[in-house]
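# Can you look at this prediction? I've put the sequence above it.
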There are 2 protein chains.
Amino acid sequence: MISNRQAKEREQRKEQILSSALSVFKKHGIEKATMDEIAKEADFGKATLYYYFSSKEEIFAEQLVRGWRMIWESIEPIVHQTNQPKNTFIDSLNTIGALVRKDQVLFEFLFTAPKALPDAAGESNQDWKKYQKKMYGVLQSLLEEAIEKKEFPEIRSDMLMRAIGGLFHGLFFLGDNKKIMSRETMEEFITVFIGNYGKS
Amino acid sequence: MISNRQAKEREQRKEQILSSALSVFKKHGIEKATMDEIAKEADFGKATLYYYFSSKEEIFAEQLVRGWRMIWESIEPIVHQTNQPKNTFIDSLNTIGALVRKDQVLFEFLFTAPKALPDAAGESNQDWKKYQKKMYGVLQSLLEEAIEKKEFPEIRSDMLMRAIGGLFHGLFFLGDNKKIMSRETMEEFITVFIGNYGKS
DNA sequence: TTAAATTTCGACTCATTGTTCGAAATAAGA
DNA sequence: TCTTATTTCGAACAATGAGTCGAAATTTAA
């Protein structure tokens, strides 16, 4: 039998491992994040990690699901607003921006790790993609509605998504000084780049 | 003594190795690009690679210098135009776009590899940064001039650089279908995002 | 043709690292 | 307290992959 508290403690240990993995990722990138270092960081023996996760890949996969699920759950209530699609879209961006501001490293991981992770990871290790796809899906349809209503210029919405995605990524993650991007600055950029269209 | 033709053939073999390295990079990313696979791809024994390059890192470093030098040499004549800074800036973006269009994989490497490469690589292995810095430098000062002349909105130019860099990267490299971005589409985007400011 | 220089590579070393095993330590329940 | 379940980890294993060595093959030049 496994008590309630035991389950909770166990979950806490898992989180400790995940967070250590993240901080090792921050130092070396995903490829060079070794189990040894994660273990040391988490204050566990290496073998113990395998008691909680079946493989290195699973650790990062778990990090991905949790992260993307969180993003999705933060976005979902917003995209269902009945508002101008353009405003809803901008609200969504701002929401994600706020999340990133809280934990920049996590999001750098969420946005860059996928490319580095072996694709052939069958089954459940790709669960995070569900959430990612949902998010991109709703954002892109917001864009399409907004284009329809002339709130955005008539450009292929998938291209526009890419452009805005890149823009966002550039603002937060590019450059040497990883300064935190303030809400004000971000809104200013949104206004300059896509916010002014269709006004006056 | 080493004849002219010998030197040329030797250079060709180097290029063969570099190009193989690039195609292995394309398949697996830089971390998982092994010397064994590069050797097989280049039709050489692994040991032979070490006759031409002193290490794996040097191969990729060489690829980086060559690439960034090429970018710089393509950009340099343009940035010295005496034109509106904004037009010069846009011309530069278009020039780089044209280069990317010719060899997308190479540029994906040039733009993403730096992050993955060990920083501590002393000495000459960082030569490419010279060119990269020069390029970002001139582009950013173009931006500053343009802001000065009210051709662009008054935003911190380093932020604007990041934003535009991200935008560019997003257009060319994001998304599943790595479709080639046509000149027309790209110009359309430049117009929509930054080209319209200050007009009419 | 022959000696010297250049180029190639098979076989090996050596370090790293993901993963497993079995046993020890600790906690829970009776 | 005694038994059982849970948690921990040191040590070993196996695979991988960067880099080396010495000798063989090939080319050059005389």
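Received the coordinates, thanks.

# and stretch A:175-182, how far from the chain's centre?
Going by Cα atoms, centre = their mean, to the nearest Å, the spacing between the C-alpha centre of stretch A:175-182 and its chain's C-alpha centre is 17 Å.

# Check stretch A:33-42 too.
Taking the mean C-alpha point of stretch A:33-42 and that of its whole chain, the gap between them comes to 23 Å (Cα atoms, centre = their mean).

# What residues sit buried inside it?
Applying a neighbour-count criterion of 16 or more other Cβ atoms under 10 Å in any protein chain shown, the buried positions in stretch A:33-42 are A:33, A:35, A:37-39, A:41-42. The C-beta positions use only the backbone N, C-alpha and C, and glycine is treated the same way.

# likewise stretch A:156-163?
Burial within stretch A:156-163, assessed by neighbour count using 16+ other Cβ under 10 Å, is assigned to A:157-163.

# now swap in stretch A:56-69 and tell me
By neighbour count with 16+ other Cβ under 10 Å, stretch A:56-69 contains the buried residues A:56, A:58-68.

# can you list contacts of stretch A:87-107?
By Cβ atoms under 8 Å, 6 or more residues apart in numbering or on different chains, the surrounding residues in contact with stretch A:87-107 are A:22-23, A:25-26, A:67, A:70-71, A:74-75, A:78-79, A:81, A:83, A:139, A:142-143, A:146, A:164, A:168, A:172, A:178, A:180-181, A:183, A:186-187, A:190, A:195.

# before we move on, back to that, switch the buried residues of stretch A:33-42 over to TSV; also include pLDDT.
Formatted as TSV, the entries for the buried residues of stretch A:33-42 read as follows, by pLDDT from 0 to 100:
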residue	pLDDT
A:Ala33	96
A:Met35	98
A:Glu37	98
A:Ile38	98
A:Ala39	98
A:Glu41	97
A:Ala42	98
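
# Give me the subset of these lying in helices.
Using DSSP state H, A:35, A:37-39, A:41-42 are the members of these that sit in helices.

# just to revisit the earlier point, ok, the buried residues of stretch A:156-163 vs chain B, which is closest?
A:Arg162 (4.5 Å; Cβ to the nearest Cβ).

# on that earlier part again, if you look at the contacts of stretch A:87-107, which of them are in helices?
Counting by DSSP H, the contacts of stretch A:87-107 contribute A:22-23, A:25-26, A:67, A:70-71, A:74-75, A:78-79, A:139, A:142-143, A:146, A:164, A:168, A:172, A:183, A:186-187, A:190 to helices.

# Which members of the residues you listed additionally contact chain B?
Subset of the ones in helices among the contacts of stretch A:87-107 in contact with chain B: A:164, A:168, counting by Cβ under 8 Å from any Cβ of the partner chain.

# can you narrow the ones in helices among the contacts of stretch A:87-107 to ones near DNA strand C?
Among the ones in helices among the contacts of stretch A:87-107, no residue sits close to DNA strand C (Cβ under 7 Å from any atom of the strand).

# Kindly supply the PyMOL command isolating those of the ones in helices among the contacts of stretch A:87-107 that are buried.
Selection of the buried residues among those in PyMOL, burial being defined by 16+ other Cβ under 10 Å:
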select buried, chain A and resi 22+25+67+71+75+78+79+139+142+143+146+164+168+172+186+190
